[in-house]
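Colleague: show me the folded form of this:
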Amino acid sequence: MEKVTLRRFEAEDSPWLVERHQTLYTQDEGFDDTFGPLVAEILRDFCADHDPERERGWIAEENGQRLGSIFCVRLSDTTAKLRLFLLTPEARGKGIGKRLLTQCMQFARDAGYQDMTLWTHESHEAACALYAAFGWELADSKPVHSFGQDLIEQSWKTVL
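Modeller: Residues are numbered from 1 along each chain as shown. Below you'll find the predicted structure:
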């Protein structure tokens, strides 16, 4: 078995990312069919006009199989935003999430950002535990109704 590699996101990865987000969030969270189009819009925007010096996405792969993703995008001149952090079920618990998060945060530092932010839901316990272990702090939490579900939306931040 080959080692898991992290490579740059390519536009051709978009259909896979949309499908995996929609399928996994439907299975795991009960999200409705509005989630996939949101992911597709985020990816269209990224592909259309991202700055490769300050914004980047990564895909984790093993034996040609995609296992996960993470993106660093510009929120402001000093703040980066972590987006589309996803691990497939077969990738979970193998340290791949730690590698992706480390890669994304180091890129943000190297690109000159001073801090990072992200948006998630309280139900993503493993991801939230990982963020906390990496020094992220919960900045805001509020109940919302999104994607057909009652959720607790969270904003996290960290200084780089």
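
Colleague: now do the helices in this structure.
Modeller: With helices called from DSSP state H, the chain shows them at 14-29, 35-49, 96-110, 125-133.

Colleague: most tightly surrounded among those helices?
Modeller: Between the helices of the chain, the one whose residues have the most neighbours on average, counting mean count of other Cβ atoms under 10 Å, is helix 96-110 (a mean of 18). C-betas here are computed from N, CA, C, even on glycine.

Colleague: report all helices and strands that that helix contacts.
Modeller: strand 5-8, strand 56-62, strand 65-74, strand 79-87, helix 125-133 (3 or more Cβ pairs under 8 Å, 6 or more residues apart in numbering; DSSP states H and E).

Colleague: and those as JSON lines, adding distance to Gln27?
Modeller: Rendered in JSON lines, the data for the helices and strands packed on helix 96-110 read as follows (distance: least, Cβ to Cβ, whole Å):
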{"stretch": "strand 5-8", "distance to Gln27": "25"}
{"stretch": "strand 56-62", "distance to Gln27": "20"}
{"stretch": "strand 65-74", "distance to Gln27": "16"}
{"stretch": "strand 79-87", "distance to Gln27": "13"}
{"stretch": "helix 125-133", "distance to Gln27": "15"}
